[in-house]
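A.B. asks: What follows is a predicted structure for the sequence shown.
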Amino acid sequence: MSRIGNKPVAIPSGVKVEQTGRKVKIQGPKGKSELDIHPRIKVSVEASEIKVVRPTNIRTDRALHGLTRSLIQNIVKGVTQGYIKELEIVGVGYKAQVKGKVLSLQLGYTHAVDYAIPEGIEVKCPNPTRVSVTGLDKQKVGQVAADVRGFHPPEPYKGKGIHYVGEQIRRKQGKKVG
């Protein structure tokens with residue numbers, strides 16, 4: 001029995017949910033999003049909650065049941081609060097700035113690394129060593145943050161590179177002389 005799938009998703013005030021066929025459209029104060037539902041899963045929208053029901057107890061139905069409920073919950077949270085990922089840049093001369101719809105990163109290479117910001121994602125640089133990625137879609141926000149981090153992941157000796165705020169970098173001891 002899926003414990004996650006059986007929980008109904010509460011619809012907060014100010015959020016409008018509309019179901020047409022296999023699509024669930026959710027609109028809130030921050031924006032709107034939609035989700036295509038798998039044909040084997042049934043979704044019912046009631047006054048103040050969304051319920052997800054599976055037809056049988058086979059393994060794929062159980063997996064889709066919890067997945068669908070989690071995706072709907074993530075969309076509801078995204079249109080009400082939004083998602084944010086904070087990145088920190090560590091290194092002498094390393095910095096970031098936003099130029100229109102492009103994030104320009106100076107990461108110690110001979111050239112600047114330019115990253116085109118996808119639609120629906122907002123990137124801000126409150127200061128040159130911090131990057132803030134925000135948006136409605138949890139997956140998109142996480143993917144953009146991972147892409148930016150991938151340009152120069154933190155190295156284990158000095159910790160130089162791009163890392164998430166609060167991320168612990170495992171440090172290695174350098175060569176010993178003597």
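C.D. replies: Cool, the structure landed.
A.B. asks: biggest strand in the protein by residues?
C.D. replies: strand 83-90 (DSSP state E).
A.B. asks: can you pull the buried residues of it?
C.D. replies: Residues of strand 83-90 classed as buried by neighbour count (16 or more other CB atoms under 10 Å): Y83, K85, L87, I89, V90. The C-beta positions use only the backbone N, C-alpha and C, and glycine is treated the same way.
A.B. asks: Same list (the residues you listed) but as JSON lines, adding pLDDT and distance to P154.
C.D. replies: Conversion of the buried residues of strand 83-90 to JSON lines gives the following (pLDDT from 0 to 100; distance: CB to CB, whole Å):
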{"residue": "Y83", "pLDDT": "96", "distance to P154": "22"}
{"residue": "K85", "pLDDT": "96", "distance to P154": "15"}
{"residue": "L87", "pLDDT": "96", "distance to P154": "11"}
{"residue": "I89", "pLDDT": "96", "distance to P154": "10"}
{"residue": "V90", "pLDDT": "94", "distance to P154": "7"}
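A.B. asks: before we move on, the earlier item: which strands and helices lie in contact with the longest strand of the chain?
C.D. replies: On a contact count with 3 or more CB pairs under 8 Å, 6 or more residues apart in numbering; DSSP states H and E, strand 83-90 meets strand 130-135, helix 138-150, strand 161-164.
A.B. asks: L67: which of those is closest?
C.D. replies: The closest of the helices and strands packed on strand 83-90 to L67 is helix 138-150. By CB to CB, the value is 12.3 Å.
A.B. asks: Quick one: low-confidence residue ranges for the chain.
C.D. replies: Scanning the chain for pLDDT under 70 picks out the ranges 1-2, 178.
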